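**Q** Next input, structure requested:
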Amino acid sequence: MTEAILTTRQALLDCAAALFLDKGFDGVSLEQVRLKAAVSNGSLFHHFPTKAHLGRGVYLAALKDYQADMKGAIQAGTSAGDGVRALVRRHLAWVVRVPRQALVLDRLRAFASIDGSAPDWDAVNADAFSHLKSWIALQVAKGDMLKLPFKLWLALVLGPSMQLTPGWALQERPSIEPRVRSLLADAAWSAVRSPPSPKE
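**A** Numbering: from 1, shown residues only. Below is the predicted model of the structure:
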């Protein structure tokens with residue numbers, strides 16, 4: 001894919017994200033996106049033949065960016081406590097850095113369907129989840145973390161931060177107090193850590 005094509009596609013995604021968040025998905029037309037991005041009809045329909053395709057593109061682009069960023073929280077040898085806290089802190093830092101992307105993930109998942117068919121979420125999340133699941137399994141095997149269903153583990157670790165994400169992302173200048181970051185990170189670790197062995 002040439003640089004010009006990539007630039008056009010990105011312009012369409014950026015403009016569509018801004019319009020969808022400002023006016024709502026149903027309140028935006030492809031023509032509005034085309035005009036805002038300053039591209040031709042041919043370029044628009046080459047990349048996104050329908051608004052549903054565009055909605056999916058906007059959502060998956062934000063998700064890809066989020067997954068790539070979060071993957072960096074866990075390195076080889078990262079301990080259970082450090083890793084859980086790092087995931088929460090990484091999420092919070094991402095929200096502050098790209099609040100519009102955070103709002104896309106919060107608001108536009110329902111519009112990622114095309115002709116009533118949602119993406120194959122297992123396939124979309126496979127790489128990011130595989131990396132995380134392998135690390136979790138190692139921590140469980142070491143006795144440092146509770147063995148939990150993966151979706152429950154995610155809800156306990158990132159659910160509270162995700163619940164608060166829209167409020168932060170809607171701030172004119174998003175910021176999260178250090179104390180709040182620490183409380184959320186520590187709470188996530190407390191939720192999934194193995195209980196200490198009873199003293200003999």
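**Q** Got the confidence number for A61?
**A** pLDDT for A61: 96.
**Q** Touching, it and D14? I think so.
**A** No. With contact defined as CB atoms under 8 Å, A61 does not reach D14; the gap is 9.1 Å. The C-beta positions use only the backbone N, C-alpha and C, and glycine is treated the same way.
**Q** Pull up the overlap in contacts between the two.
**A** Jointly contacting A61 and D14 under the rule CB atoms under 8 Å, 6 or more residues apart in numbering is no residue at all.
**Q** Residue ranges of each domain in this protein, please.
**A** Here the domain parsing of the chain from automatic domain parsing is 1-49, 62-192.
**Q** The ones you listed: lowest mean pLDDT?
**A** Taking the mean pLDDT of these, domain 1-49 comes last: a mean of 90.
**Q** and the residue nearest to M145 when sequence neighbours are not counted, how many neighbours?
**A** Leaving out its chain neighbours, the residue that sits closest to M145 by CB to CB, 6 or more residues apart in numbering is Q139, at 4.0 Å. When neighbours are counted by other CB atoms under 10 Å, Q139 registers 21.
**Q** mind listing what's buried in the helix or strand in which Q139 is found?
**A** Assigned by DSSP states H and E, Q139 belongs to helix 121-141. Under the neighbour-count criterion of 16 or more other CB atoms under 10 Å, helix 121-141 has 124, 128-129, 132, 135-136, 139-140 buried.
**Q** Repeat that for stretch 157-174.
**A** Result for stretch 157-174 [16+ other CB under 10 Å]: buried residues 157-158, 160-162, 165, 168-169, 174.
**Q** any chance of these in JSON lines, with secondary structure and distance to L87 too?
**A** Putting the buried residues of stretch 157-174 into JSON lines (DSSP: H, G, I helix; E, B strand; the rest coil; distance: CB to CB, whole Å) gives the following:
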{"residue": "V157", "secondary structure": "helix", "distance to L87": "6"}
{"residue": "L158", "secondary structure": "helix", "distance to L87": "7"}
{"residue": "P160", "secondary structure": "helix", "distance to L87": "12"}
{"residue": "S161", "secondary structure": "helix", "distance to L87": "9"}
{"residue": "M162", "secondary structure": "helix", "distance to L87": "12"}
{"residue": "T165", "secondary structure": "helix", "distance to L87": "14"}
{"residue": "W168", "secondary structure": "helix", "distance to L87": "17"}
{"residue": "A169", "secondary structure": "helix", "distance to L87": "18"}
{"residue": "P174", "secondary structure": "coil", "distance to L87": "19"}
